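>>> A predicted structure for the sequence below; I have some questions about it.
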Amino acid sequence: MRKQKGFSLIELLIVVAIILIIAAIAIPNLMRARMAANDSSAAAFLIPRLATQLWLRWAEQLLLAFRRQRTAA
């Protein structure tokens, strides 16, 4: 009996097919995870700025109310 020195074509094709199936399952999941990371990154970027804007608007309204009160008196 002859000793086999490598892989047959069928064995290589099966390995390639298995790798493609795993990639077909993994890539959409990775893309979904990347989009979720982008969303959370955008929220982390916007929330402090929104809080600052709200605080500045509140302070402006408070200052305007104080000025109206001083001019009315």
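That came through, no problem.
>>> Show me the shaky parts of the chain.
1-2, 73 (pLDDT under 70).
>>> How far away from the center of its chain is the helix or strand encompassing Gln69?
Taking DSSP states H and E as the criterion, Gln69 maps to helix 9-72. What separates the centre of helix 9-72 from the centre of its chain is 5 Å, taken as Cα atoms, centre = their mean, to the nearest Å.
>>> what do you get for stretch 55-73?
Using Cα atoms, centre = their mean, the offset of stretch 55-73 from its chain centre is 40 Å.
>>> what residues does that stretch touch?
The list of residues contacting stretch 55-73 from outside it, by Cβ atoms under 8 Å, 6 or more residues apart in numbering, is empty. Quick note: C-beta positions are derived from backbone N, CA and C, even for glycine.
>>> Who are the contact partners of Phe45?
Counting by Cβ under 8 Å, 6+ apart, Phe45 makes contact with nothing.
>>> Check the gap between it and Asn38 for me.
Distance, Phe45 to Asn38, by Cβ to Cβ, to the nearest Å: 10 Å.
>>> Please apply the same query to Lys5.
Taking Cβ to Cβ as the measure, Lys5 falls 49 Å from Asn38.
>>> okay, those two: which has more neighbours?
More neighbours surround Asn38 than the other of Lys5 and Asn38, with 10 against 5 (other Cβ atoms under 10 Å).
>>> Please report the distance of the more buried one from Ile47.
Between Asn38 and Ile47 the distance is 15 Å, computed by Cβ to Cβ.
>>> rewinding a little: could you name every residue contacting both of Phe45 and Asn38?
In contact with both Phe45 and Asn38: no residue, using Cβ under 8 Å, 6+ apart.
>>> So Gly6: helix, strand or coil?
Here Gly6 is recorded as coil under DSSP: H, G, I helix; E, B strand; the rest coil.
>>> what sits against it?
With contact set as Cβ under 8 Å, 6+ apart, Gly6 has no partners.
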